[in-house]
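A.B. asks: Got a predicted structure here, sequence first:
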Amino acid sequence: MTTKLEVRQRCSVANRPHPHRAVLKGLGLRGPGSTVVVDNTPSFRGMVKKVMHLVDVQEKKS
């Protein structure tokens, strides 16, 4: 059984550093309220950790 991460953007990227904007775009988030489901891998966990203050994360089993 694999786990996935459901990532929901809760804040805007206005007045945020460019690296934060790039990470959110790399995750596939398009604005506040948008949600994506990504694999629970070290690379995705590192991206989420970098923008933890802008997103909500839940672990989903699939």
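C.D. replies: The structure has been received and is ready for your questions.
A.B. asks: now the strands for this structure?
C.D. replies: Counting by DSSP state E, one finds strands in the chain at the ranges 3-9, 35-39, 55-61.
A.B. asks: which of the ones you listed sits most buried?
C.D. replies: strand 3-9 (a mean of 17; mean count of other C-beta atoms under 10 Å). Every C-beta, even on glycine, is put in place using the N, C-alpha and C of the backbone.
A.B. asks: packing partners for that one?
C.D. replies: Counting contacts by 3 or more C-beta pairs under 8 Å, 6 or more residues apart in numbering; DSSP states H and E, strand 3-9 is packed against strand 35-39, helix 42-50, strand 55-61.
A.B. asks: Can I get that strand in CSV, CA atoms only?
C.D. replies: Below are the C-alpha coordinates for strand 3-9, written out as CSV (Å, rounded to 0.1, in the frame of the first residue of the first chain):
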residue,chain,number,x,y,z
THR,A,3,0.7,6.7,0.5
LYS,A,4,0.1,10.0,-1.3
LEU,A,5,0.2,13.5,-0.1
GLU,A,6,-2.8,15.8,-0.7
VAL,A,7,-1.4,19.4,-0.8
ARG,A,8,-3.8,22.3,-0.7
GLN,A,9,-2.6,25.9,-1.2
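A.B. asks: Tabulate the strands of the chain (CSV), appending mean pLDDT and distance to residue 23.
C.D. replies: Shown next, in CSV, are those (pLDDT from 0 to 100; distance: least, C-beta to C-beta, whole Å):
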stretch, mean pLDDT, distance to residue 23
strand 3-9, 97, 11
strand 35-39, 97, 12
strand 55-61, 96, 10
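A.B. asks: wait, which of these is closest to residue 45?
C.D. replies: Nearest to residue 45, of all those, is strand 3-9, at 7.5 Å by C-beta to C-beta.
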